[in-house]
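>>> next input, structure requested:
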Amino acid sequence: MTELDDLQDRWEAAVEAELPSAIALRHRVHADPRASGDEEDTARVLVEALGAGEGVLVAKTGRAVLFPGTGPGPAVALRTELDALPVTERTGVPWASETPLMHACGHDVHMAA
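Residues are numbered from 1 along each chain as shown. Here you go, the predicted model:
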């Protein structure tokens with residue numbers, strides 16, 4: 001096994017370990033969608049899931065959360081939308097929205113990822 005193979009195996013194992021909590025987070029966010037401008041609760045749920053502090057308020061409803069690196073060098077920034085669309089969900093899934101709003105374009109998936 002090469003060093004690259006080992007790195008890939010560790011990465012795959014780490015992703016696999018996170019999947020159950022990511023799926024649960026997606027279902028939680030999907031079931032409780034918020035309209036644009038009313039996403040404070042969604043942002044709070046997400047920063048709690050990240051476990052890196054409350055972050056800095058951005059654009060009235062978002063958060064910027066810093067994860068300290070191990071040294072100088074490139075950084076990665078991730079951004080996701082928090083708001084839902086005015087769509088009544090009729091999927092029938094257990095985590096379906098019960099409001100006239102829905103994360104119909106994948107914002108719930110982006111947030112959970």
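
>>> quick one, strands of the protein?
56-58, 62-64 (DSSP state E).

>>> dump the residue contacts of the closest residue to residue 42 other than its chain neighbours.
Once its chain neighbours are removed from consideration, residue 42 has its nearest residue in residue 82; the separation is 4.8 Å (CB to CB, 6 or more residues apart in numbering). Glycine gets a C-beta too; all of them are placed from N, C-alpha and C. Residues counted as contacts of residue 82 (CB atoms under 8 Å, 6 or more residues apart in numbering) are 34, 39, 42-43, 46, 61-62, 107, 111.

>>> then residue 84?
For residue 84, the contacting residues are 33-35, 97, 101-104, 107, by CB under 8 Å, 6+ apart.

>>> which among the residues you listed count as buried?
Burial by neighbour count, 16 or more other CB atoms under 10 Å: within the contacts of residue 84 this picks out 33-34, 97, 101-104, 107.

>>> wait, which of those residues is closest to residue 77?
Checking the buried ones among the contacts of residue 84 against residue 77 with CB to CB, the nearest one is residue 107 at 17.6 Å.

>>> ok, the nearest residue to the closest one once chain neighbours are set aside - how many residues close by?
Leaving aside its chain neighbours, residue 107 sits nearest to residue 81 (4.7 Å; criterion: CB to CB, 6+ apart). Other residues within reach of residue 81, judged by other CB atoms under 10 Å, total 16.

>>> in stretch 63-71, what's buried?
Neighbour-count burial for stretch 63-71 flags 63, 65 (criterion: 16+ other CB under 10 Å).

>>> kind regards, and thank you for your time.
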